[in-house]
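*Asks:* Build the 3D model from these lines:
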Amino acid sequence: MSILIRGGLLAAVGAFVETKYGPSVQLTGPGGTNPLFFATPLVFIGVGFFSLAFGMEVGKARRKYEALAKKDGEENVEERYALPNLYAQGTSKHAKAFNAVQRAHQHIFESFTSTLLFGLAGAMEFPIAAALSSLAYATGRVIFSTNYSQCEGDVAQRYTRNPLARSMWYGIVTNFFLGTFACIKILASTRRSGIA
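*Replies:* Model prediction:
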């Protein structure tokens, strides 16, 4: 079964369970939101801080692998490793190791904003399920990025070093479905109440 189907099922079950059995909380948060909504942004604030800190690791790795490349006698090291190059040029073991660290950091930005949007939309109607799926994303993201940055160029280790790295994908997909379900539910309720 694909991650897309599993994530959709997780979202459907989470939305159903929360709607049927979740706490009945009065809308007393800012702007009339459910106070539990704010658990999801809190998770993403943590991911944002991790991303910022991880970016500093890229700078350290650049210096480390540039020095190792010089020590091993690689040619044109400054030109290949120095900024403004995002990635080190070449296929040496040091270039591959540095590029894995850089790629781990860049990979965060490929999914962070959409996952954030999905999670915030989902949290409007399903704050507990969205917070849990966002936490699954955050856990997987940290593990995946850490594994990737420590793989020394063997990118298969992104997942094999710790299988919880895959929870990142479940968090993304589950948040996508929760966000979609929440938007549909909100639009349907505004139509029933005569707002739309």
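*Asks:* and Leu36, what does it touch?
*Replies:* Contact analysis of Leu36 by C-beta atoms under 8 Å, 6 or more residues apart in numbering lists Pro23, Val25, Ala123, Pro127, Ile128, Ala131. Every C-beta, even on glycine, is put in place using the N, C-alpha and C of the backbone.
*Asks:* how about 10 Å then?
*Replies:* Glu18, Gly22, Pro23, Val25, Gly29, Ala123, Phe126, Pro127, Ile128, Ala130, Ala131 (C-beta atoms under 10 Å, 6 or more residues apart in numbering).
*Asks:* Please apply the same query to Gly59.
*Replies:* Remark: with contacts taken as C-beta under 10 Å, 6+ apart, Gly59 is in contact with Leu83, Val101.
*Asks:* how close does it sit to Glu66?
*Replies:* Computed with C-beta to C-beta, to the nearest Å, the distance linking Gly59 and Glu66 is 11 Å.
*Asks:* ok, now Glu78?
*Replies:* When Glu78 is compared with Glu66 (using C-beta to C-beta), they lie 8 Å apart.
*Asks:* Output the contacting helices and strands for the helix or strand of the chain with the lowest mean pLDDT.
*Replies:* Considering only helices and strands, the least confidently modelled element of the chain by mean pLDDT, DSSP states H and E is helix 157-160, at a mean of 83. On a contact count with 3 or more C-beta pairs under 10 Å, 6 or more residues apart in numbering; DSSP states H and E, helix 157-160 meets helix 93-125, helix 127-149.
*Asks:* show me the contacts for the closest residue to Leu117 other than its chain neighbours.
*Replies:* Distance criterion C-beta to C-beta, 6 or more residues apart in numbering; nearest residue to Leu117, sequence neighbours excluded, is Gly179 at 6.9 Å. Residues in contact with Gly179, defined by C-beta under 10 Å, 6+ apart, are 11, 114-115, 117-126, 130, 133.
*Asks:* Apply 7 Å and report the result again.
*Replies:* With contacts defined as C-beta atoms under 7 Å, 6 or more residues apart in numbering, the neighbours of Gly179 are Leu117, Phe118, Gly119, Ala121, Gly122.
*Asks:* Please verify my assumption that the last one contacts Phe176.
*Replies:* If I follow you right, that is Gly122. No - look at Gly122 against Phe176 with C-beta atoms under 7 Å: they stay out of range, at 8.5 Å.
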